[in-house]
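Peer 1: Need the 3D shape of this:
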Amino acid sequence: MEVKVLGAARQVGRSAFLVTHKDSRILLDYGAMTTKIPGFPMHVQPKGIKGIVLSHAHLDHSGAAPLHFLGGTMKLHATPVTSELSNLLIQDFIKISGQYLPFEFLDLMAMNSNTVNHGYMEPFQIGDFTVTFYDAGHIPGSAVVAVEAGNKRLVYTGDINGDETNLLGGSWKNLGEADMVITESTYATADHPHRSKAEQELTAFANEVVGRGGVLLVPAFSVGRAQEIAMTLVKEGFRHPVAMDGMALKVNGILLRYQEYLRDPSALRRTLETIEEVTSWSQRRRLVKRPGVIVSPAGMLVGGASIFYNEHLSMDEKNGIAIVSFQVPGTPGRTLIEKGLTIYRGKPTKVKAEVRRFDFSSHSGKSALLSDLKGIKGSPKFLTVHGEEESCLALAQELSTEMGVEATAAMPGQDFQV
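Peer 2: Model (predicted):
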């Protein structure tokens, strides 16, 4: 087997890998960089590619996949949850960034009609390849992907989280032997605090803000993070109003249809019964004046209803903003954290609301990631990807030192033999 890195490997965004064995070729993910002007992986001719295998629905892994369905006959392979969630996220991507995208809604529909669903630990064939999904613990339906051809085995972690959360049970630990591992490196240089600490601190902050008559805005990814935050507040006994807005409401419906992919479906159902679903602008205008918590996409303040809430809440010191997601460089959320600035009435302005950051990551921290990687049997080569350059280089060095294996911080355009 041969692996070609197509995406921005020393960066979070546009993950994509071309895997070749004899006359068979498949893509592992084909994501987009969701900046104001989107970025894409290296182009590959769709002809001859047998299929695209999606590790999960986030746009940095799925967002450019419709490019390959402009009339071809290839298939997209994913878990059923990933299929529905990626369709939802890409529809929104087209709505927001359509003028910059080299595909349109009809291409997404073509992709959907050529999608084949697979459960965890149910091997399936694509040409010469045998592919198996294992639970990655990152978001509902996310998968670690194992690819076998000839006598070689490749393991691609996608995005992985080894720790249990309110929503998910953590990644599958028995990944078997491998000749090569492509691993994410998002938090390869730092461990996360224990999740219970973040949950307690967020709830305490919410109580502080509401106690002084303010509103706490929690910009959160619609898939996984929004549900996790709401479940946390309910679990920790928060007794004030909690509202949820935007695409997260559609995600809730999908998750309730695939409860077998959740750790505790009853806990999610109980949570959703207690929150207020926001479906109108009159509700939004009322909520910014009522003490409570608003959980709203987008998680990096790049779109969605969170922009409205941010503009209406950020200039009042009694309000709060809780950042609970990774913020890609160049996004409004990253600027808010690093400089305390937000766009207010079209201009960068210093915020008056209290801004705090809480670690609710859906990626493994350093120790958990190394533990999972060390659990892979054999003596595989490692490619470290999907992290800022410092993280990719540090993880490659750590793997080389700790395990005595060959490890490379991969770059776009590089080819590797499995």
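Peer 1: alpha carbons only for contacts and neighbour counts from here, please
Peer 2: OK.
Peer 1: how near is residue 223 to residue 333?
Peer 2: According to CA to CA, to the nearest Å, residue 223 and residue 333 sit 17 Å apart.
Peer 1: Kindly report the same for residue 214.
Peer 2: Distance from residue 214 to residue 333, by CA to CA: 20 Å.
Peer 1: and if you look at residue 316?
Peer 2: 18 Å.
Peer 1: Could you measure from residue 109 over to residue 71?
Peer 2: Remark: distance between residue 109 and residue 71 (CA to CA) = 11 Å.
Peer 1: More neighbours: which of the two?
Peer 2: residue 109 (15 against 11; other CA atoms under 10 Å).
Peer 1: Wasn't that one part of a helix?
Peer 2: Yes: membership of residue 109 in a helix is supported by DSSP: H, G, I helix; E, B strand; the rest coil.
Peer 1: let's have the chain start at 2 instead
Peer 2: OK, 2 is where the count begins now, so the last one is residue 110.
Peer 1: Now residue 357: phi and psi?
Peer 2: phi -130, psi 150 (degrees, to the nearest 10).
Peer 1: repeat for residue 347
Peer 2: phi 90, psi 0.
Peer 1: and the gap between it and residue 52?
Peer 2: With CA to CA as the criterion, residue 347 and residue 52 are 44 Å apart.
Peer 1: One more: residue 94?
Peer 2: Distance from residue 94 to residue 52, by CA to CA: 22 Å.
Peer 1: Specify which residue of those two has the higher count of neighbours.
Peer 2: It is residue 52, of residue 94 and residue 52, that has more neighbours when counted by other CA under 10 Å, with 22 against 19.
Peer 1: Secondary structure class of that one, three-state.
Peer 2: With three-state DSSP as the criterion, residue 52 reads strand.
Peer 1: now the strands for the stretch 2-151 of the chain?
Peer 2: Ranges of strands in the stretch 2-151 of the chain, per DSSP state E, counting those that start in this stretch, are 3-6, 17-22, 25-31, 50-54, 76-79, 116-118, 125-127, 130-136, 144-150.
Peer 1: Pull the residues that contact the first one.
Peer 2: Counting by CA atoms under 8 Å, 6 or more residues apart in numbering, strand 3-6 makes contact with 17-22, 411-419, all of which sit outside it.
Peer 1: Using CSV, write down the CA coordinates of that strand.
Peer 2: Coordinates of each C-alpha in strand 3-6 appear next as CSV, following Å, rounded to 0.1, in the frame of the first residue of the first chain:
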residue,chain,number,x,y,z
GLU,A,3,1.0,3.6,-0.6
VAL,A,4,-0.3,6.7,1.2
LYS,A,5,-0.3,10.2,-0.3
VAL,A,6,-1.0,13.1,2.1
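Peer 1: tell me which residues form a beta bridge with residue 156?
Peer 2: Per DSSP bridges, the residues bridged to residue 156 are residue 147, residue 182.
Peer 1: quick one: it and residue 14, what's the gap?
Peer 2: According to CA to CA, residue 156 and residue 14 sit 19 Å apart.
Peer 1: Of those two, give the one with the bigger neighbour count.
Peer 2: For residue 156 and residue 14, the more surrounded residue by other CA under 10 Å is residue 14, and the numbers stand at 28 against 25.
Peer 1: give me every residue that touches that one.
Peer 2: Here residue 14 is in contact with 8, 32, 33, 34, 35, 61, 62, 387 (criterion: CA under 8 Å, 6+ apart).
Peer 1: Number of residues surrounding the fifth one?
Peer 2: Taking other CA under 10 Å as the neighbour definition, residue 35 ends up with a count of 19.
Peer 1: pretty sure it is touching residue 59, no?
Peer 2: No: Residue 35 is not in contact with residue 59 according to CA atoms under 8 Å; the separation is 10.3 Å.
Peer 1: returning to that earlier point: mind picking the two most distant members of the contacts of residue 14?
Peer 2: Maximum pairwise distance in the contacts of residue 14, criterion CA to CA, is 14.3 Å, between 35 and 387.
Peer 1: those helices in the stretch 202-351 of the chain, which residues are they?
Peer 2: Using DSSP state H, counting those that start in this stretch, the helices found in the stretch 202-351 of the chain span residues 226-236, 249-258, 266-275, 282-288, 306-314, 333-340.
Peer 1: okay, the ones you listed, which one's buried deepest?
Peer 2: helix 226-236 (a mean of 22; mean count of other CA atoms under 10 Å).
Peer 1: and the residue nearest to the spatial centre of the chain, what is it in contact with?
Peer 2: Centroid-nearest residue in the chain, with CA atoms, centre = their mean: residue 59, separated by 4.5 Å. Taking CA under 8 Å, 6+ apart, we find residue 59 in contact with 87, 90.
Peer 1: Could you do residue 176 as well?
Peer 2: If you count contacts by CA under 8 Å, 6+ apart, residue 176 has them with 135, 376, 377, 378.
Peer 1: just residue 248 next, same as before
Peer 2: 223, 298.
Peer 1: what residue ranges in the chain are flagged as low confidence?
Peer 2: For the chain, residues meeting the criterion pLDDT under 70 lie at 73.
Peer 1: what residues go with each domain of the chain?
Peer 2: Annotated domains of the chain cover 3-191+363-418, 196-358 [automatic domain parsing].
Peer 1: Which of those has the highest mean neighbour count?
Peer 2: Taking mean count of other CA under 10 Å, domain 3-191+363-418 is the most buried of these, at a mean of 20.
Peer 1: Can you get me the start-to-end distance on that domain?
Peer 2: Domain 3-191+363-418 stretches 5 Å from its first residue to its last (CA to CA).
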